[in-house]
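Peer 1: Please work out how this folds:
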Amino acid sequence: MQAQSKNASDAYEARRAEIAALAEYCGPNDPIPTIQYTEQEHEVWQLVCGKLAACHRSDATIEFLDAAECLAIPQEEVPQLRDVSARIESLSGFRFRSAPTLVPFRQFCTSLADSAFHSTQYLRHPSTPFYTADPDMLHDVVGHGNALASKRFARLYRLAGEAAARAESETALQFIAKVFWFTLECGLIRERGKSKAYGATIVSSYGELNHFRDADIRPLDLKSLAVVDYDISTYQSILFEVDSMNQLEDTVGSFWETCDDNTIEALLAESATRFA
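Peer 2: Residues are numbered from 1 along each chain as shown. Alright, predicted model coming up:
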């Protein structure tokens with residue numbers, strides 16, 4: 001049994017490396033590689049998308065649901081990333097770029113400022129279809145792709161990229177990354193008295209969708225967010241929520257639109273004093 005498990009793991013890693021290699025040699029202006037997905041990969045995609053679609057109807061925020069309906073990602077088989085990218089570009093002006101693996105945050109944000117999102121093209125291990133700590137195509141396309149089909153969410157992604165491009169200090173960049181994590185990755189909106197998810201990490205994970213309401217859910221406040229740590233390798237114990245899409249745009253969009261090293265330094269200093 002151990003030998004079979006090792007062989008399966010080795011085969012998965014080899015397949016992942018094969019797909020990642022295609023992205024490695026793909027320039028930013030080159031066509032996104034076409035992948036011939038296996039039957040097993042199509043099965044994982046179909047299984048996860050079916051489970052997620054059912055959860056989204058009760059657990060995802062309206063803006064996300066409306067965008068997902070417009071994008072209409074195929075659920076029966078793994079779509080080609082270039083086809084999804086073309087559809088998103090027609091809806092919001094954003095497009096995908098193929099990435100071999102997780103992209104460093106500054107590089108990632110430089111592309112966001114240019115209305116481009118780095119997406120992987122491989123799928124998570126079939127033995128753990130409902131949660132992965134690493135980004136994969138399900139996370140990038142179902143989570144971020146659906147959000148990017150909304151012009152309102154797309155603007156927030158673009159503003160995050162522009163904010164990161166302005167940041168000179170590592171401290172400022174890391175705080176911008178933290179705001180991104182607790183909003184566009186793990187954010188919630190209160191709708192009709194119930195917490196609803198829009199963050200890509202939650203809406204792309206069947207496991208997270210079944211656990212996020214068990215977290216310590218707090219009103220979004222950038223100063224209190226500054227003193228909270230997070231771990232991307234597990235379900236989040238603390239999440240932040242806004243009362244509306246308008247509040248998200250006013251609070252986070254305005255922050256990213258105007259922040260620089262000096263304003264972030266002042267915010268962090270005020271936060272340290274307030275929560276000392």
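
Peer 1: show me what contacts D136?
Peer 2: Residues counted as contacts of D136 (Cβ atoms under 8 Å, 6 or more residues apart in numbering) are T120, Y122, L123, R124. Bear in mind the C-beta positions are built from the backbone N, C-alpha and C, glycine included.

Peer 1: For the stretch 51-200 of the chain, just list every one of the helices.
Peer 2: Along the stretch 51-200 of the chain, counting by DSSP state H, counting those that start in this stretch, helices occupy 62-71, 81-92, 105-113, 137, 146-148, 151-166, 170-180, 200-203.

Peer 1: just the contacts of D136 now: which is nearest P135?
Peer 2: T120 (5.6 Å; Cβ to Cβ).

Peer 1: Return the helix or strand in the chain with minimum mean pLDDT.
Peer 2: Ranking every helix and strand in the chain by mean pLDDT, DSSP states H and E puts helix 2-24 at the bottom, with a mean of 82.

Peer 1: returning to that earlier point: quick one: which of the helices of the stretch 51-200 of the chain has the weakest pLDDT on average?
Peer 2: Sorting the helices of the stretch 51-200 of the chain by mean pLDDT places helix 105-113 lowest, at a mean of 92.

Peer 1: How about residues contacting that helix?
Peer 2: 28, 97, 103, 117-118, 157-158, 160-165, 173, 176-177.

Peer 1: Show me which of those are buried.
Peer 2: Buried members of the contacts of helix 105-113, counted by 16 or more other Cβ atoms under 10 Å: 97, 103, 117-118, 157-158, 160-164, 173, 176-177.

Peer 1: before we move on, back to that, and the contacts of helix 105-113, which is closest to V142?
Peer 2: Looking across these and measuring by Cβ to Cβ, the closest to V142 is F117, at 13.0 Å.

Peer 1: wait, what's in contact with that closest one?
Peer 2: F94, R95, F96, R97, S111, D140, H144, G145, L148, Y157.

Peer 1: count of neighbours near the residue lying closest to A164 once chain neighbours are set aside?
Peer 2: Nearest non-adjacent residue to A164, counting by Cβ to Cβ, 6 or more residues apart in numbering: C109, 3.3 Å away. By the criterion of other Cβ atoms under 10 Å, C109 has 24 neighbours.

Peer 1: What of the one 5 residues further on?
Peer 2: By the other Cβ under 10 Å criterion, the neighbourhood of D114 contains 16 residues.

Peer 1: And the one 10 residues further on, by the same measure?
Peer 2: As a burial measure, R124 scores 25 neighbours (other Cβ under 10 Å).

Peer 1: I19 too?
Peer 2: By other Cβ under 10 Å, the residues close to I19 number 21.

Peer 1: can you redo the helices of the stretch 51-200 of the chain as CSV with distance to A14?
Peer 2: Listed next are those as CSV, based on distance: least, Cβ to Cβ, whole Å:
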stretch, distance to A14
helix 62-71, 31
helix 81-92, 20
helix 105-113, 26
helix 137, 17
helix 146-148, 30
helix 151-166, 33
helix 170-180, 32
helix 200-203, 27
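
Peer 1: Go through those helices and pick out the most buried.
Peer 2: Highest mean neighbour count of these: helix 146-148, a mean of 30 (counted as mean count of other Cβ atoms under 10 Å).
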